[in-house]
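K.L.:
This is a predicted model, with the sequence first.
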Amino acid sequence: MIAVLVIVGVASLAAFAGLHWYAWRRLVRDTTVRAGLARRAGTAVFVLGPLLMFAAVVSERAGAPFWLQQVLAWPGFLWMAFSIYLVLAVLAGEVVRPLLRRHLDRRSAAQAPEAGPVREPEPVLVPTAEPQTPTPPPTPAPVSAADPSRRLFVSRVVGGAAVVAATGIVGNGAYGVLRGPRVKRVTVPLARLPRAAHGFRIAVVSDIHLGPVLGRGFAQKVVDTINSTQPDLIAVVGDLVDGSVEDLAPAVAPLAGLRARHGTYFVTGNHEYFSGAEPWVEHVREIGLRPLENARVEMGAFDLAGVNDVSGANYGDGPDYDKALGDRDPRRAAVLLAHQPVMIHEAVKHGVDLQLSGHTHGGQLWPGNFIAAAANPTLAGLERYGDTQLYVSRGAGAWGPPVRVGAPSDITVVELASKRA
């Protein structure tokens, strides 16, 4: 197993280095005439960008001083997103490049006759002992895309367009995150839900990811957005933080302002275990959230249960479905809070009516949605598995790059509907 991980790691690093070399070759080497200031500056960017990216990831996971994490996070994580779309844009440029060359060749050929006939100079005869043959004028070489100047022009146009496209995509994606999540509304009919609970509204928020990039101001936006929906209950379904209580307690403080008639409930995500799940469970309890650690509460008309994230099993604190659901009245509807969609299979076995999850971010950065979809039974939205329904939120924040492309952030108000007459 270790050998496989090493091979995969080495192959991934080789691919990463190869793609960066390819982008450098197209954007720096092919757009500069010689090894001057421009080429040195471009090369420095392609060296420092990946170094800052790895430093940002390592400093966060290693628990480096929080000020250092903040210094490294913005440039490092932004490069992570920027390099993805830069490489994709350069690859798209390979299609444009021959088309542009062909267009320039045709344009050059079309303009050539307009210059008019070239008058040949009169031959100059130099008297010698033998008759001289007039020397014809040199024929100008045709201008084509093969000329160095033409190749340089094409490389600069295509490379410049790639940089502009990548910058625009990442900039728009960052704006989408930093402005805060938008509200989605979904109605979910439940067969066992009594009429008394018809219209019960649960505000589902996941993957806020407060850390060295998204801080207190972002948390306040999330709180204000949730409170504006006036929900009956708030469910925070994991990945609240990326860091320790000591570093992030001020960032999390606005969550004490969450307001719902039946309270706010919390379950752990995988990132809580990276950050220290036990201290975070205690801290969210102190600020007014109620953790559901493999536990269940009766909401009157239905049961609300929560289980620890599956990654907690590596820390001796994994999900326990029997403890959360085993002794409940099967005639009552059950709503389960579980961070990862893969937990749906256990939910089906335990007769859950609705599971509320996050974790996927909807892929966050296209085309990452294809990878996330392959790793999760549901990428985003509402789907049915037997008698159990699963709703997956795309999440409110972002991990790593504060950027989303093709996967807008959301807070979802799930309205429960009774099927009973």
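P.N.:
The structure has been received and is ready for your questions. Numbers count the residues shown, from 1 in each chain.
K.L.:
pull the CA atoms of the helix or strand containing residue 3 into PDB?
P.N.:
In this structure, residue 3 is located in helix 2-24 according to DSSP states H and E. The C-alpha coordinates for helix 2-24 follow below in PDB (Å, rounded to 0.1, in the frame of the first residue of the first chain):
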ATOM      1  CA  ILE A   2       2.800   2.400   0.900                       C
ATOM      2  CA  ALA A   3       4.600   1.600  -2.400                       C
ATOM      3  CA  VAL A   4       1.400   2.400  -4.300                       C
ATOM      4  CA  LEU A   5       1.000   5.700  -2.500                       C
ATOM      5  CA  VAL A   6       4.700   6.600  -3.200                       C
ATOM      6  CA  ILE A   7       4.200   5.700  -6.900                       C
ATOM      7  CA  VAL A   8       1.000   7.800  -7.100                       C
ATOM      8  CA  GLY A   9       2.700  10.700  -5.300                       C
ATOM      9  CA  VAL A  10       5.700  10.600  -7.600                       C
ATOM     10  CA  ALA A  11       3.600  10.400 -10.700                       C
ATOM     11  CA  SER A  12       1.400  13.300  -9.500                       C
ATOM     12  CA  LEU A  13       4.400  15.500  -8.800                       C
ATOM     13  CA  ALA A  14       5.900  14.600 -12.300                       C
ATOM     14  CA  ALA A  15       2.600  15.500 -13.900                       C
ATOM     15  CA  PHE A  16       2.400  18.700 -11.900                       C
ATOM     16  CA  ALA A  17       6.000  19.700 -12.900                       C
ATOM     17  CA  GLY A  18       5.400  18.700 -16.500                       C
ATOM     18  CA  LEU A  19       2.300  20.900 -16.900                       C
ATOM     19  CA  HIS A  20       4.000  23.900 -15.300                       C
ATOM     20  CA  TRP A  21       7.000  23.400 -17.600                       C
ATOM     21  CA  TYR A  22       4.600  23.300 -20.600                       C
ATOM     22  CA  ALA A  23       2.900  26.500 -19.500                       C
ATOM     23  CA  TRP A  24       6.200  28.200 -18.900                       C
END
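K.L.:
Which parts of it count as buried, going by neighbours?
P.N.:
19, 20, 23, 24 (16 or more other CB atoms under 10 Å). From N, CA and C alone the C-beta is placed, and that goes for glycine too.
K.L.:
Would you mind putting the residues you listed into a markdown table with distance to residue 309 and pLDDT alongside?
P.N.:
Putting the buried residues of helix 2-24 into a markdown table (distance: CB to CB, whole Å; pLDDT from 0 to 100) gives the following:
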| residue | distance to residue 309 | pLDDT |
| --- | --- | --- |
| 19 | 32 | 94 |
| 20 | 34 | 94 |
| 23 | 36 | 95 |
| 24 | 40 | 94 |
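K.L.:
tell me which residues form a beta bridge with residue 241?
P.N.:
Beta-bridge pairing for residue 241 (DSSP bridges): residue 210.
K.L.:
list the contacts for it?
P.N.:
Contact analysis of residue 241 by CB atoms under 8 Å, 6 or more residues apart in numbering lists 208, 209, 210, 211, 248, 251, 252, 271, 272, 275, 280.
K.L.:
Narrow those to those in helices?
P.N.:
Those of those mapping onto helices are 248, 251, 252, 271, 272, 275, 280, per DSSP state H.
K.L.:
Count the residues that sit near the fourth one.
P.N.:
Applying the criterion other CB atoms under 10 Å, we find 24 residues in the vicinity of residue 271.
K.L.:
just the third one next, same as before
P.N.:
When neighbours are counted by other CB under 10 Å, residue 252 registers 22.
K.L.:
Need the single longest helix in this structure, by residues.
P.N.:
Looking across the chain with DSSP H, the single longest helix is helix 66-111.
K.L.:
Just after it, pick out the following helix or strand.
P.N.:
Remark: after helix 66-111, the chain's next helix or strand is helix 148-178, criterion DSSP H and E.
K.L.:
All set now, cheers.
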